[in-house]
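**Student:** this one's sequence-less:
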């Protein structure tokens, strides 16, 4: 299946700093990517939909000025957590649709996740 | 997308079949049943999906009832590496531009 890669897989930062997480589609072009957040022992919660060449669409309750999403190319979307605080510590996961298959099967492909710890 | 209901947790002995149920009584005629799993600290992994016929692949089998109101994911010979949270999701196959919506899933523990 299609491959989605995230980087870094884990990051520790100080409170008040910004952290960038990358999501790449390695063998396909992804016009749409999705960003999720997962707190311990909870399910994945959708944060935003990232569209190549246009502004991201954020879910209710997600601050767009705090979680900056840039989808500047067909293979890369980035999530920047600005002025991170301990409550932003979470597991961030991206997902993408492969236009070669998703339109037929509905399957989405997920990255390995990025664990952010804010001290 | 239709709502799904799954038991919060299940145990299974290693080497035995794991049968994970899912209720989706409000499923529409054009909605598929998808199963994903998430091993601890990893991203979700696609397992299988189906519309109304039973499906089998190298990972699992999917049994959908005739009225399509429920389904069962079967891992025929569970191993310790199958310990994960399993999510049953119902959605239209052509809705690739929309994200997957995850419920709470079933936490499967495979025991040696």
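**Tutor:** Nice, thanks for sending it over. All figures in this text were calculated on a predicted structure; none of them were measured in a lab.

**Student:** show me what contacts residue B:27?
**Tutor:** Residues near residue B:27 by CB atoms under 8 Å, 6 or more residues apart in numbering or on different chains: B:2, B:33, B:68, B:69, B:90. Just so you know, the C-beta spots here come from the backbone N, C-alpha and C atoms, and that holds for glycine as well.

**Student:** and for residue B:62?
**Tutor:** By CB under 8 Å, 6+ apart, the residues touching residue B:62 are B:33, B:35, B:48, B:49, B:50, B:54, B:55, B:56, B:71, B:72, B:73, B:74.

**Student:** from those, which are also near chain A?
**Tutor:** Intersecting those with the surroundings of chain A, defined as CB under 8 Å from any CB of the partner chain, gives residue B:49.

**Student:** now render the contacts of residue B:62 as a markdown table, adding secondary structure and pLDDT.
**Tutor:** Output for the contacts of residue B:62, formatted as a markdown table (DSSP: H, G, I helix; E, B strand; the rest coil; pLDDT from 0 to 100):
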| residue | secondary structure | pLDDT |
| --- | --- | --- |
| B:33 | strand | 94 |
| B:35 | strand | 96 |
| B:48 | strand | 93 |
| B:49 | strand | 92 |
| B:50 | strand | 93 |
| B:54 | coil | 94 |
| B:55 | strand | 95 |
| B:56 | strand | 96 |
| B:71 | strand | 97 |
| B:72 | strand | 98 |
| B:73 | strand | 98 |
| B:74 | strand | 98 |
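
**Student:** how far away is the residue lying closest to residue A:105 once chain neighbours are set aside from residue A:63?
**Tutor:** Spatial nearest neighbour of residue A:105, excluding adjacent residues (CB to CB, 6 or more residues apart in numbering or on different chains): residue B:93 at 6.1 Å. Between residue B:93 and residue A:63 the distance is 33 Å, computed by CB to CB, to the nearest Å.

**Student:** of these two, who's got more company?
**Tutor:** Under the criterion of other CB atoms under 10 Å in any protein chain shown, the comparison of residue B:93 against residue A:63 puts residue B:93 first, with 17 against 10.

**Student:** residue A:56: what's it in contact with?
**Tutor:** For residue A:56, the residues meeting the contact criterion (CB under 8 Å, 6+ apart) are A:48, A:49, A:50, A:64, A:69, A:71.
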